[in-house]
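>>> Predicted coordinates and the sequence they were generated for:
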Amino acid sequence: MPASHSDVATATARASRYLQKLCKHWAHKFPVEFNPTHRTIDLTSLGRTVMDADAAAQHITVSTDEAGSIERLGSVAADHIKRFAFREELTVDWKQAS
């Protein structure tokens, strides 16, 4: 299953809050599981997003059954996270996960 990973540095300790907001936002449309330390969003036909956060970063992994969809899934996840973290300028650099 193709996967990409990004460690998104944050300037504040709000990393966990951003990811929880993202889960709540998508919960009306997709199966979501989250607690303060670990989050999973199953974007049905698009793929899966797994997220963890600590005080300095958001750790995000996206995976999909279709190799051609991995870039789109990463873009969708990054765009939404950036919206919730609008007070910060976040950089999301995807790397192929092993």
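Nice, I can see it.
>>> Can you point out the buried residues in the worst-scoring helix or strand of the chain on mean pLDDT?
Of all helical and strand segments in the chain, the minimum by mean pLDDT, DSSP states H and E falls on helix 15-26, at a mean of 88. By 16 or more other Cβ atoms under 10 Å, the buried positions in helix 15-26 come out as 15-16, 18-23, 26. C-beta here means a position set from N, CA and C on the backbone, and glycine is covered the same way.
>>> Likewise for stretch 42-56?
For stretch 42-56, using 16+ other Cβ under 10 Å, the buried residues are 43, 46-53.
>>> The residues you listed into TSV, with extra columns for pLDDT and secondary structure?
As requested, the buried residues of stretch 42-56 are exported to TSV (pLDDT from 0 to 100; DSSP: H, G, I helix; E, B strand; the rest coil):
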residue	pLDDT	secondary structure
43	87	strand
46	84	coil
47	91	strand
48	93	strand
49	93	strand
50	95	strand
51	93	strand
52	92	strand
53	89	strand
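>>> all strands of this protein, in order?
3-9, 32-34, 38-43, 47-53, 57-63, 95-96 (DSSP state E).
>>> With only the CA atoms kept, save the third one in PDB.
Right, strand 38-43. C-alpha atoms of strand 38-43 as PDB (Å, rounded to 0.1, in the frame of the first residue of the first chain):
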ATOM      1  CA  HIS A  38      -3.600   9.500  18.100                       C
ATOM      2  CA  ARG A  39      -6.100  10.100  15.200                       C
ATOM      3  CA  THR A  40      -7.200   8.100  12.200                       C
ATOM      4  CA  ILE A  41      -9.400   9.200   9.400                       C
ATOM      5  CA  ASP A  42     -10.700   6.700   6.800                       C
ATOM      6  CA  LEU A  43     -11.400   8.700   3.700                       C
END
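>>> now the strands of the chain as CSV including distance to residue 82?
Formatted as CSV, those follow (distance: least, Cβ to Cβ, whole Å):
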stretch, distance to residue 82
strand 3-9, 9
strand 32-34, 19
strand 38-43, 16
strand 47-53, 14
strand 57-63, 11
strand 95-96, 18
